[in-house]
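# Coordinates for the following, if possible.
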Amino acid sequence: MSVKVIGAGLAGCEAAWQLAQRGVPVTLYEMKPVKKSPAHTLDTMAELVCSNSLRSNRLSNAVGLLKEEMRRLDSVIMAAADENAVPAGGARAVDRNGFSKSVDQRIRNHPLITVVEEEVTKIPEEGEVIIASGPLTSDALSEAIAGIEGLSTLHFYDAAAPIVTADSLDMTKVFRMSRYERGDDYLNCPLDKDEYMAFWQELLNAETAPVHGFEEKSVFEGCMPIESMAKRGEMVMAFGPMKPVGLKDPRTGKEPYAVVQLRAENAAGTLYNLVGFQTRLMFPEQRRVFGMIPGLENAEFARYGVMHRNTFLNSPGVLDSTFRMLAEPRIAFAGQITGVEGYVESAASGLLCGIATAYRVNGKQMPTFSGKTAIGAMGRYVSTPNKRFQPMNCAFGLIDQLEVQPGQKRIRNKQLRYEAIAQRALEEIDAIAAQMKAE
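Modelled structure (predicted):
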């Protein structure tokens, strides 16, 4: 009997891949293209509905470590991401369409994965199930999940940034540069003080789209709409996504008062994402207010920013560290619905859940992913009781710190300490990968 995986987003695809790679047949259910959520536009799997960035690639950054752990464990998501990379300095950004198509092809071509294009509205009553329906889970399935005894669902609101066409930008006002001279992968729109203050004031006055049940406190901090940021104070944006630190306008030789960065959205460089500009402004207001940014006066919007509801479980005490239900072990969850936050974290949860389910189906004991690894630390965070549980990105604070032996001194340089933690994590991952390969 095949394992049923519900949802072909990043987590569902990764879980299906890990199962199939271990000889376990998979039936992967995906409601697209028959039905789409308001945030989805593509017909292919693993669609990125927010940014096209998978964030830092450096091992001194926790998500960079998480990605490298996944690469060493045969991640289908990381293989597709690396294959469809676009320039983004020290980050891993991808061509949105190419990435999705690449994952889609790999999944559909696997001989042990059967794809069923239909909406799942209730949880299968028997057999192994992985629910990876994502933060945009349909209402019917959300109700079915909420109906599981002892399992409650929560939600917050998430926002996506707008995308503009490259040929509509005024390049006489824009300069190309990455922070601290780490290449030239970003376009930068510099603002002087007067321009910044005028922009801030208009953000405060701009009309926002109504969102049913919206409360300001329900916005996840990692995807705070730019207009919500503006309401927190006139300099919040300048110390956030509009910070000019590490950038000097080559035409003036000086650091701007503030800057809006644009990152390539596709490999051809014809589309650019406004970095950190998630928004729920009305579409005409996006044209008007963002048109105040130097270089964007006549910008053509390929996609406007949108806001949507994200659903997640109150997982601590309900799921174990491999995302399986404690009360009903045949059911597991993966992805943002578990309370991990971010593309990479979602895919990593699918990877761990898929591996664990494969071992369960094959009647074998799975190697332990300890808290010394980023993957293990994320599973531990989701499964550890927490009265104020909220979605969480991968962070070194979740990973076991270095043990200081008698006579040794703690590594005080943060970057060197994080690199040492990463090296220790990868040694454990390599050992796990070798053990699994030998079985």
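# any low-confidence regions in this protein?
38, 155, 211-222 (pLDDT under 70).
# Any idea how far the helix ranked longest in the chain is from the middle of the chain?
Taking DSSP state H as the criterion, the chain has its longest helix at helix 414-438. Remark: helix 414-438 is offset 22 Å from the chain centroid, using Cα atoms, centre = their mean, to the nearest Å.
# List the buried residues of it.
417-419, 421-422, 424-426, 428-429, 432-433, 436 (16 or more other Cβ atoms under 10 Å). For glycine as for every other residue, the C-beta is placed from the backbone atoms N, C-alpha and C.
# Return the closest of those with respect to M1.
Distance to M1, by Cβ to Cβ, is smallest for M436 among the buried residues of helix 414-438, at 22.8 Å.
# so who does the closest one touch?
355, 367 (Cβ atoms under 8 Å, 6 or more residues apart in numbering).
# For A16, see how far away it is.
As judged by Cβ to Cβ, to the nearest Å, M436 and A16 stand 17 Å apart.
# Pull the residues that contact stretch 199-208.
By Cβ under 8 Å, 6+ apart, the list of residues contacting stretch 199-208 reads 191, 225-227, 230-231, 234, 237, 280-282, 285, 288-289, 292-293.
# With respect to K35, which of those residues is nearest?
For those, the nearest to K35 is R280 (23.5 Å; Cβ to Cβ).
# hang on, the closest one packs against R309?
No. Look at R280 against R309 with Cβ atoms under 8 Å: they stay out of range, at 11.7 Å.
# phi, psi of S56?
Note on S56: backbone dihedrals following degrees, to the nearest 10 are phi -60, psi 150.
# Skip the chain neighbours and tell me the closest residue to it.
G64 (4.5 Å; Cβ to Cβ, 6 or more residues apart in numbering).
# cool, and T322?
A356 (3.7 Å).
# Can you tell me how far the one you found is from I399?
19 Å.
# Specify which residue of the two has the higher count of neighbours.
I399 (27 against 24; other Cβ atoms under 10 Å).
# Which residue is the nearest non-sequential neighbour of that one?
A377 (4.5 Å).
# Check which helix or strand the one you found maps to.
helix 374-383 (DSSP states H and E).
# Also N188?
Going by DSSP H and E, N188 is in strand 186-191.
# Direction included, what does that strand pair up with?
Sheet pairing of strand 186-191 (DSSP bridges) gives strand 175-176 (antiparallel), strand 258-264 (antiparallel).
# Compare those strands and give me the one nearest G147.
Of all the strands paired with strand 186-191, strand 258-264 comes closest under Cβ to Cβ, at 41.2 Å.
# Next SSE downstream of that closest one?
Taking DSSP H and E, what comes next after strand 258-264 is strand 271-274.
# Quick check: next helix or strand after that next one?
By DSSP H and E, the next helix or strand past strand 271-274 is helix 283-290.
# Can you name every helix or strand that that following helix contacts?
helix 193-205, strand 301-303 (3 or more Cβ pairs under 8 Å, 6 or more residues apart in numbering; DSSP states H and E).
# For that helix, give me every contacting residue.
162, 199, 202-203, 206-208, 274, 277, 279, 281, 296, 299, 301, 304-305.
# One more pass at 10 Å, please.
162, 164, 189, 199, 201-203, 205-209, 226-227, 260, 274, 277, 279-282, 296-301, 304-306 (Cβ atoms under 10 Å, 6 or more residues apart in numbering).
# Show me which residues of stretch 141-151 are buried.
Residues of stretch 141-151 classed as buried by neighbour count (16+ other Cβ under 10 Å): 141-142, 144-145, 148, 151.
# just stretch 65-72 next, same as before
In stretch 65-72, counting by 16+ other Cβ under 10 Å, buried: 65-71.
# moving C-terminal of whichever strand or helix holds I107, what's the next helix or strand?
Element membership for I107, per DSSP H and E: helix 96-109. Using DSSP H and E, the helix or strand that follows helix 96-109 towards the C-terminus is strand 113-116.
# Note down every partner strand of that following strand and its orientation.
strand 26-29 (parallel).
# what residues are up against the nearest residue to P124 once chain neighbours are set aside?
The shortest distance from P124 to any non-neighbouring residue, by Cβ to Cβ, 6+ apart, is to K4 (5.4 Å). K4 sits next to 16, 26-29, 116, 120, 123-124, 126-131, 331 when contact means Cβ under 10 Å, 6+ apart.
# List only buried entries from these.
The buried subset of these (16+ other Cβ under 10 Å) comprises 16, 26-29, 120, 123, 128-131, 331.
# Helices of the stretch 1-150 of the chain, start to end?
10-21, 62-71, 76-83, 96-109, 139-146 (DSSP state H, counting those that start in this stretch).
# Give me the helices and strands touching the first one, please.
Contacts of helix 10-21 with other secondary structure elements, assessed using 3 or more Cβ pairs under 10 Å, 6 or more residues apart in numbering; DSSP states H and E, are made with strand 3-6, strand 26-29, helix 76-83, helix 96-109, strand 113-116, strand 129-131, strand 331-333, helix 343-361.
# could I get the ones you listed as JSON lines with distance to M392?
Below are the helices and strands packed on helix 10-21 laid out as JSON lines (distance: least, Cβ to Cβ, whole Å):
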{"stretch": "strand 3-6", "distance to M392": "23"}
{"stretch": "strand 26-29", "distance to M392": "27"}
{"stretch": "helix 76-83", "distance to M392": "19"}
{"stretch": "helix 96-109", "distance to M392": "24"}
{"stretch": "strand 113-116", "distance to M392": "30"}
{"stretch": "strand 129-131", "distance to M392": "19"}
{"stretch": "strand 331-333", "distance to M392": "15"}
{"stretch": "helix 343-361", "distance to M392": "8"}
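# Tell me which of those lies nearest to L42.
helix 96-109 (5.4 Å).
# Now E69: closest residue in space that isn't a chain neighbour?
I429 (4.8 Å).
# Let me see the contact set for the one you found.
65, 68-73, 369, 372-376.
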